[in-house]
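Enquirer: need the 3D shape of this:
(chains A and B)
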There are 2 protein chains.
Amino acid sequence: MKKETHKILLWLALLFSSVQVFAQPPRGPYVRSPQVHDDQTVTFSYLAPDAKSVLLDGDQFGASNIPMTKDSIGIWSITVGPLKPDIYPYAFKVDGITVMDPANVDFFPNERFKASLVDVPGDKPLMHALQNVPHGTITYEYYPSVEGSTGQLVVYTPPGYNKDAAKKYPVYYLISGTTDTEEDFFKVARVNFIMDNMIAEGKAKPMIIVMPYGNPIARIAEQTGGPKPNDVMNRDSEDAIKRLKFFETDLITNVIPYVENSYRVIPNGENRAIGGFSRGGGQTLRAAFNNMGTFEYVCSYASYISPSELESNYGELINNHTKTNNQLKLLWSGIGTEDFLYKGTTEFNQFLIDHKIELKTYETDGGHTWMNVKKYLNQTLPLLFK
Amino acid sequence: MKKETHKILLWLALLFSSVQVFAQPPRGPYVRSPQVHDDQTVTFSYLAPDAKSVLLDGDQFGASNIPMTKDSIGIWSITVGPLKPDIYPYAFKVDGITVMDPANVDFFPNERFKASLVDVPGDKPLMHALQNVPHGTITYEYYPSVEGSTGQLVVYTPPGYNKDAAKKYPVYYLISGTTDTEEDFFKVARVNFIMDNMIAEGKAKPMIIVMPYGNPIARIAEQTGGPKPNDVMNRDSEDAIKRLKFFETDLITNVIPYVENSYRVIPNGENRAIGGFSRGGGQTLRAAFNNMGTFEYVCSYASYISPSELESNYGELINNHTKTNNQLKLLWSGIGTEDFLYKGTTEFNQFLIDHKIELKTYETDGGHTWMNVKKYLNQTLPLLFK
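Expert: So this is what the prediction gives:
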């Protein structure tokens, strides 16, 4: 970091001098990346005078390992597209090493990979775009979680939440997937702007959205130095079963009471929804089915429970469809045709339908991506609490 | 991203099977990094079977470009320390390319460089440690900013803010530096945990802390496609002067009214403080001196105004020390002896002292770093609103 630090220091020194009004950039030539053009093409740039090759790693918009071109001062760049308006992850492969875009502050929070995000706007603003409408807020809350750990929740409150101290709201518990963090629905899906826009258009009811972390065992290990979550263990051991239940136990005994004690919510099943993506979808279905009555709206985004697990663990629910249908105002399952969980999800859907469980299904193109998560949000948020 | 995506998909598939309880990691050998040991040594690890060299880029804890060692499966690692307990930025240099640690979700929000953060705890919890005390919250707010843009504010509210709907609070406006974002006092300095701990110990008064973005011109360009902020221009042009004033105009005419309309604050100078680091320190001093009476507590973290600018722009303030001292309950200036702004800051301090302006100074070791920012917070937060 020494060389960079020196450059930053020099740059800051310029800022503080009285001669220079707009400083030179901290790293030689100032790279602006990505640059989204009016025709929805995008130019990506990366400064690496000494690199032998720089590739654009934009698999999710069809630009898989595209070689970039170096200019005379060592900035590699490429223009791709026009891209279908959306928010996409991307990275650079610099001599084979995957890196985020250092010029871009929009990143993809994830426990395993590091990617940057590019936002390609539509000709008309997309539902996740920052628009000139009243805005809600996102709050990071700290709550007493399982095993003495402290959990972090990301919470959306709708516009005007702080204005009318009497109004109470329904709550949507929304869980992200494996290797995601509790920040992804905020930072990647921009669920806050989606809600702001839907509320402004009268499409969705004002609600609170609570986004917990899906893997509390990892956080406990982090905070207490306890056993690590990915140790291979006997799956039938008490400890293994306890670990598997951690998320649900935390949700039911810690998260919901904390939220209902801290926010102005309507604390009943009719005003409680649960949804999740990928692993979070599995957690959603199990938490809902294990606690019937707690959540009357249930949304699975690209996930499922296998028919054999449904039969062995949820037989009563499957076989008493009238009772089950009365207890659920919405059971929703969405999947992309290219999603690697497509087959399992359609089997799950069919199994429920065969058992006369009322299920709304949604199928779209695309894979197991956060672009599709936004589609699922766009489909389901208008259905909640109505 | 294709290969990684496949591995993640496989991993997720395992998660969804009913046989496997704890899945295999998504990227071959599961790398846990950093690992902070009880003796405050730290092991950093990075998976790169094909790399020729991997260096630890931990300049800020004295580990500048230290070669790491590859094991038989391609994980490079090194153990350094014991390190003085603190939160430090670091990165890896993989065949000369600087990358964040992909196994670590704690990153340093910055517009130019990408670094990860390692938290080395003390034997006794440090002031920024997550402790078992009542916690405040961090909220992301969206407000109407200059030139039709929408600004993002990061806001700390103290524990119990939502419990007592009658209590009103003082506000500290806290501005980060060049290339920083409005998230850095939260994500890097953990000012929320510092406040939680200080309030629990009775060291600081409960207050709201508002963290605006320091460079609204860049955000305007981003949102409106307007002129880019770093174009070289005539510093005397109207446009240049307007740009320079953007931050202060935004703060005074947009941020403060928005905050005072949205939060339960005590809206007077006695209950308004302003502080900032680096460029944010310069903005702090100018905003305070240009608007005497608005902020009665003023904290400059590693920054200054030159004597010549003080003389030409703030002569009345400098020359009427009795009036000035009456208008300011606290004027505070802190700097590290190795900070590249040390000389300028000590000249600024001396100039004020020579002019009988009451000034609290603080000198510590260390440079222009966020480790030092935490020291400045630890020094100043207990002084505010008392």
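
Enquirer: gap between the nearest residue to A:L126 once chain neighbours are set aside and A:S45?
Expert: Distances taken as CB to CB, 6 or more residues apart in numbering or on different chains place A:P85 nearest to A:L126, at 5.8 Å, with adjacent residues excluded. For glycine as for every other residue, the C-beta is placed from the backbone atoms N, C-alpha and C. From A:P85 across to A:S45, the span is 21 Å (CB to CB, to the nearest Å).

Enquirer: who touches the closest residue to A:T249 other than its chain neighbours in this structure?
Expert: Once flanking residues are discounted, A:T249 sits nearest to A:V146: 6.1 Å by CB to CB, 6+ apart. Residues touching A:V146, when contacts are defined by CB atoms under 8 Å, 6 or more residues apart in numbering or on different chains, comprise A:216, A:220, A:246, A:249-250, A:254.

Enquirer: so A:Y342 touches A:S333, yeah?
Expert: No. Taking contact to mean CB atoms under 8 Å, the distance of 11.4 Å between A:Y342 and A:S333 leaves them out of contact.

Enquirer: neighbour-wise, which of these two wins?
Expert: Higher neighbour count among A:Y342 and A:S333: A:S333, with 24 against 17, using other CB atoms under 10 Å in any protein chain shown.

Enquirer: need the phi and psi values for A:D196.
Expert: As for A:D196, its main-chain torsions (degrees, to the nearest 10) stand at phi -50, psi -50.

Enquirer: isn't it right up against A:P134?
Expert: Yes. In terms of CB under 8 Å, A:D196 counts as a neighbour of A:P134; the distance is 6.8 Å.

Enquirer: what sits in contact with each of the two?
Expert: Here A:D196 and A:P134 share the contacting residues A:P159, scored by CB under 8 Å, 6+ apart.

Enquirer: these two - which one has more neighbours?
Expert: The neighbour comparison of A:D196 against A:P134 (other CB under 10 Å) goes to A:D196, with 26 against 12.

Enquirer: and the more buried one, what is it in contact with?
Expert: With CB under 8 Å, 6+ apart, A:D196 has these contacts: A:131, A:133-136, A:158-159.

Enquirer: for chain A, which spans come out with low pLDDT?
Expert: Across chain A, the stretches falling below the confidence threshold (pLDDT under 70) are A:1-29, A:225-244.

Enquirer: what separation do you get for A:P307 and A:L352?
Expert: Taking CB to CB as the measure, A:P307 falls 9 Å from A:L352.

Enquirer: show me which of those two is the more surrounded one.
Expert: The residue with the greater number of neighbours, taking A:P307 and A:L352 and applying other CB under 10 Å, is A:L352; the counts read 23 against 17.

Enquirer: then the more buried one would be within a helix, right?
Expert: Yes. The assignment for A:L352 by DSSP: H, G, I helix; E, B strand; the rest coil puts it in a helix.

Enquirer: for A:L377, which non-adjacent residue is closest in space?
Expert: With CB to CB, 6+ apart as the measure, A:I194 is the residue that lies nearest to A:L377, at 5.6 Å, once sequence neighbours are left out.

Enquirer: in the one helix or strand that neighbour maps to, what counts as buried?
Expert: Under DSSP states H and E, the secondary-structure element containing A:I194 is helix A:191-200. For helix A:191-200, the neighbour count (16 or more other CB atoms under 10 Å in any protein chain shown) marks A:191-199 as buried.

Enquirer: try stretch A:63-78
Expert: The neighbour-count check on stretch A:63-78 (16+ other CB under 10 Å) flags A:63, A:68, A:70, A:75-78 as buried.

Enquirer: what subset of the residues you listed is also close to chain B?
Expert: Near chain B, judged by CB under 8 Å from any CB of the partner chain, there are no entries from the buried residues of stretch A:63-78.

Enquirer: please identify which of those is nearest to chain B.
Expert: A:A63 (10.0 Å; CB to the nearest CB).

Enquirer: now for A:G148, how many residues are close by?
Expert: Number of residues near A:G148 (other CB under 10 Å) recorded here: 11.

Enquirer: show me the contacts for the nearest residue to it once chain neighbours are set aside.
Expert: Here the nearest residue to A:G148 in space, its sequence neighbours aside, is A:T224; by CB to CB, 6+ apart that works out to 6.7 Å. The contact partners of A:T224, by CB under 8 Å, 6+ apart, come to A:147-149.

Enquirer: strands of the stretch 151-300 of chain A, start to end?
Expert: Read by DSSP state E, counting those that start in this stretch, the stretch 151-300 of chain A holds these strands, from start to end of the chain: A:171-175, A:208-211, A:272-277, A:297-301.

Enquirer: can you tell me the strand partners of the third one and which way each runs?
Expert: Sheet neighbours of strand A:272-277, with direction, are listed as strand A:171-175 (parallel), strand A:297-301 (parallel) (DSSP bridges).

Enquirer: export the last one as PDB, just CAs?
Expert: What it means is strand A:297-301. Provided in PDB are the C-alpha atoms of strand A:297-301 (Å, rounded to 0.1, in the frame of the first residue of the first chain):
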ATOM      1  CA  TYR A 297     -47.700 -14.900   3.200                       C
ATOM      2  CA  VAL A 298     -44.800 -17.200   2.100                       C
ATOM      3  CA  CYS A 299     -42.600 -16.500  -0.900                       C
ATOM      4  CA  SER A 300     -39.900 -18.900  -2.200                       C
ATOM      5  CA  TYR A 301     -37.500 -17.300  -4.700                       C
END
